[in-house]
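Undergrad: what follows is a predicted structure for the sequence shown.
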Amino acid sequence: MDVSVELALTVNGVPVRRRVEPRQSLADFLRYELELTGSHVGCEHGACGACTVRVDGTPVRGCLMLAVQADGSRVETIEGIAASGELADLQRAFAEENALQCGFCTPGMLLTAQEILRRNPRAGDVEIREGLSGNYCRCTGYHAIVQAVLRAGGVREKGQP
Amino acid sequence: MKPAPFAYHRPASMTEAFDLMERYGPGGRLLAGGQSLVPALNMRLATPAAVIDINRLPGLDGIRVTPEGLVIGALCRHAAVERSPLVARHAPLVAQAMPHIGHLAIRARGTVGGSIALADPAAELPACLVALDATVRAARRGGTRDIAAAAFFLGIYTTALGPGEIVTEVVIPRPREGWRSHFGELARRAGDYALVGLAINSRVEGDVLLEPRLVFTGVGPTPARAAGAEGALAGRRPDPPAIAGAGRALDADLDPPADVHASAALRRQLARVLLARGLRGLMES
Ligand SMILES: Cc1cc2nc3c(=O)[nH]c(=O)nc-3n(C[C@H](O)[C@H](O)[C@H](O)COP(=O)(O)OP(=O)(O)OC[C@H]3O[C@@H](n4cnc5c(N)ncnc54)[C@H](O)[C@@H]3O)c2cc1C
Ligand code: FES
Ligand code: FES
């Protein structure tokens, strides 16, 4: 039985049209159909946050959304968001604070951190830790990541680039 | 793992949704936020013939105040409820509980109706609805019916919903004069399902508790009302002896499960800690 469904959306600003199987997750669609491998797939049950992407401006779990559900939506991945320069300060802060090693969790961390700072550039330690609680990092421990987000927030507060 | 194949439908009207539910029977699963169903599909714990995506059903995503009380549509995302000034004003208990549900990306998709229909005994919303005497409204072909929250949650992942019924909204009665509420929980990681949670709703006169309602999560198959502890507190000031007495009464009220996360004894102890904290929070609120 062919149950495939037609899907039309924009990904990183580019219109995309494909036929997909309904069982394909948005994360797998981005990785396998569009070769956008920046969002990673870890646990596939919503626990690790490695698959985080933005749908219509909001971070969601790419593994817990069917690709067909993104029909008509605006999807942004780490590739598009980083290329736009939106994350430049966070990326710099992650490097400066040694907040990444293997990089597996980093795209999800960056997107989540961006959302935390978007809501509150002055977010403190507790707010940042709570906001990042849905993202596992198996390499660095979380301290350096929290420091990096604090640093980027501090810079944004002062209105510096 | 990846889901087994299934057919995908996206009904645009309730009638179409009822048709699909009838056509597939138990082989059709409703998909709302997907934050519980999709993990089950991914792990092949669920292998439905069809997934019926209700996200585009009209009229189920509003939050409004009516003479009945605060009405929250089934398709309201957790994040929208969390940010709603109406919820903060008319159901502060729910507003307080929302940030405890999952993580921010999960709250962006998960829905009120999904949480209710899933009936996870560790979930926050079911306990809040029971504490607030709320009503779950469900639609089926040809009608709707109202089910008291206390009669809706029947067991682990089991509700009073019949075949072909869709939760459309929940109705939370208007806050009554002199009533206060408080929500608290203890989880291993912020946002994960809690080991134990507690929703308190009580009439408070001066510093005396009248009609206290204590509803725990994570300690039994459904949101668990602690009748003995409620009795031990009714008509009293929640001072240390009263709190200790209520804590002892919890031993008979609660029969918590033991699992890989915590022993039954630990859950009992955490329930007592939450009770003391919750009562303090209630009195300070
Ligand atoms: C990592 C993680 C942590 C989480 N932590 C928590 C937590 O702490 N507390 C908590 O409460 N939840 C938690 N959740 C679950 C999450 O909140 C879900 O959003 C919620 O339980 C289900 O809502 P949903 O809209 O995603 O439903 P779905 O996953 O779409 O559906 C769940 C079930 O409900 C049925 N259903 C959905 N909508 C309706 C309806 N309107 N009428 C009838 N049946 C319906 C579906 O058929 C399915 O059986 C967590 C999830 C994850 C992945
Ligand atoms: S892969 Fe999606 S949360 Fe882990
Ligand atoms: S840097 Fe390796 S998992 Fe976080």
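TA: Structure's in. What do you need? Ligands and ions are numbered 1, 2, ... in the order given.
Undergrad: pretty sure residue B:17 is in a helix, no?
TA: Yes: the assignment for residue B:17, made by DSSP: H, G, I helix; E, B strand; the rest coil, places it in a helix.
Undergrad: any idea how far the closest residue to it other than its chain neighbours is from chain A?
TA: Take residue B:17 and drop its neighbours on the chain: the residue closest to it by Cβ to Cβ, 6 or more residues apart in numbering or on different chains is residue B:11, 4.1 Å away. C-beta: built from backbone N, CA, C; applies to glycine. According to Cβ to the nearest Cβ, to the nearest Å, residue B:11 and chain A sit 14 Å apart.
Undergrad: same question for residue B:117.
TA: Noted for residue B:117: a distance of 17 Å to chain A, by Cβ to the nearest Cβ.
Undergrad: against which helices or strands is the host helix or strand of that residue packed?
TA: Element membership for residue B:117, per DSSP states H and E: helix B:112-118. Judged by 3 or more Cβ pairs under 8 Å, 6 or more residues apart in numbering or on different chains; DSSP states H and E, the packing partners of helix B:112-118 are strand B:69-73, helix B:78-83, helix B:124-131, strand B:166-172.
Undergrad: give me the number of residues near residue 45?
TA: You didn't say which chain, so I picked chain A. When neighbours are counted by other Cβ atoms under 10 Å in any protein chain shown, residue A:45 registers 19.
Undergrad: chain B is the one I meant
TA: The tally of other residues near residue B:45 (other Cβ under 10 Å) stands at 11.
Undergrad: tell me the SS of it?
TA: Here residue B:45 is recorded as coil under three-state DSSP.
Undergrad: any idea how far it lies from chain A?
TA: Counting by Cβ to the nearest Cβ, the separation of residue B:45 from chain A is 10 Å.
Undergrad: below-threshold pLDDT in chain A: ranges please.
TA: A:1-2, A:159-161 (pLDDT under 70).
Undergrad: returning to what we had before: which of the helices and strands packed on helix B:112-118 sits closest to residue A:142?
TA: Checking those against residue A:142 by Cβ to Cβ gives helix B:78-83 as the closest, at 23.1 Å.
Undergrad: what helices and strands are in contact with whichever helix or strand comes after the closest one?
TA: Note on helix B:78-83: by DSSP H and E, the next helix or strand toward the C-terminus is helix B:85-90. When contacts are defined as 3+ Cβ pairs under 8 Å, 6+ apart, helix B:85-90 packs onto strand B:63-66, strand B:69-73, helix B:92-97.
Undergrad: hmm, back to that, my guess is the residue nearest to residue B:17 contacts residue B:56, does it?
TA: Yes: counting by Cβ atoms under 8 Å, residue B:56 is a contact partner of residue B:11 at 7.4 Å.
Undergrad: what sits against residue B:86?
TA: Residue B:86 is in contact with B:63, B:64, B:65, B:70, counting by Cβ atoms under 8 Å, 6 or more residues apart in numbering or on different chains.
Undergrad: show the pLDDT at it.
TA: With respect to pLDDT, residue B:86 scores 98.
Undergrad: where does chain A get nearest to ligand 1, residue-wise?
TA: Nearest residue of chain A to ligand 1, counting by Cβ to the nearest ligand atom: residue A:46, 2.7 Å away.
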